[in-house]
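K.L.:
dropping a prediction and its sequence here:
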Amino acid sequence: KAGVTQTPRYLIKTRGQQVTLSCSPISGHRSVSWYQQTPGQGLQFLFEYFSETQRNKGNFPGRFSGRQFSNSRSEMNVSTLELGDSALYLCASSTGQGNFYEQYFGPGTRLTVT
Amino acid sequence: SQQGEEDPQALSIQEGENATMNCSYKTSINNLQWYRQNSGRGLVHLILIRSNEREKHSGRLRVTLDTSKKSSSLLITASRAADTASYFCATGYTGGFKTIFGAGTRLFVKA
């Protein structure tokens, strides 16, 4: 099976802009979770989508949003970018909802905000 | 606060030696997972151990879980230079659905 894919792999944006990241899960996986990784805060959970519905959400401002499509592909959007949003954004897919299942991660999208 | 905390923060060993990393957590969990990350790339899933399990093996990896002490350890035997990476524990706590990652242990294996 193909692994989790994320596009784009690298992105440079300016403060105030918005960005959309994409994640395609492993075939058959219905859950997609998003994480932000920074040197200072480590890996932080953003949200999880399962069957096109957001099931869980981390402690991030409303500028961070997402959605999931009927084919389980997911997008994450960050509006009004801030310098602190510079990070590696990772998505992970799993067969079921919640933390009961193994998560398989994509290679990440490295976002740089200038 | 983060659910899992790894110890040590960094570890440097010679090829062929064993490496042990520890993870402590604070509340009841459904399971605990270990991941490896090479140089800022995606995470690779290593092992999932459920709260009713005490030990699991996968190749050169051995994971133990002690729920009474709220701790887990990852042992890599006969380490190789290719094992150089950051290792993270991730805890899935009961009553919720989030997986919380620790800060990670940076392992450096010298050839």
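P.N.:
Yes, it's here.
K.L.:
what's the neighbour count on residue 56?
P.N.:
Chain wasn't specified; assuming chain A. 19 (other CB atoms under 10 Å in any protein chain shown). For glycine as for every other residue, the C-beta is placed from the backbone atoms N, C-alpha and C.
K.L.:
meant chain B, my bad for not saying
P.N.:
Using other CB under 10 Å, B:Lys56 is surrounded by 16 other residues.
K.L.:
and it, that one's in a helix?
P.N.:
No - checked against DSSP: H, G, I helix; E, B strand; the rest coil, B:Lys56 lies outside a helix; its state is strand.
K.L.:
any idea how far it is from A:Phe100?
P.N.:
16 Å (CB to CB, to the nearest Å).
K.L.:
please enumerate the strands of the chain.
P.N.:
All of this is about chain A. A:5-7, A:10-13, A:19-24, A:31-38, A:42-50, A:53-57, A:64-68, A:74-78, A:87-94, A:104-105, A:109-113 (DSSP state E).
K.L.:
wrong one, chain B
P.N.:
B:4-7, B:10-14, B:19-25, B:29-37, B:43-50, B:55-58, B:61-66, B:71-76, B:85-93, B:99-101, B:105-110.
K.L.:
apart from its neighbours in sequence, what residue is nearest B:Arg62?
P.N.:
Excluding its sequence neighbours, the residue lying closest to B:Arg62 (CB to CB, 6 or more residues apart in numbering or on different chains) is B:Leu75, at 4.4 Å.
K.L.:
B:Asn30 reaches B:Phe97, doesn't it?
P.N.:
No - B:Asn30 is not in contact with B:Phe97 according to CB atoms under 8 Å; the separation is 9.3 Å.
K.L.:
which residues do those two both contact?
P.N.:
A:Asn99 (CB atoms under 8 Å, 6 or more residues apart in numbering or on different chains).
K.L.:
got the contact list for the residue positioned nearest the centre of chain A?
P.N.:
The centroid of chain A falls nearest to A:Trp34 when counting by CA atoms, centre = their mean (3.2 Å). By CB under 8 Å, 6+ apart, A:Trp34 lies in contact with A:23, A:45-48, A:66, A:74, A:76, A:89-92.
K.L.:
from A:Leu21, how far out is it?
P.N.:
Separation of A:Trp34 from A:Leu21 (CB to CB) stands at 8 Å.
K.L.:
tell me the residue of chain A that sits nearest chain B?
P.N.:
A:Asn99 (2.8 Å; CB to the nearest CB).
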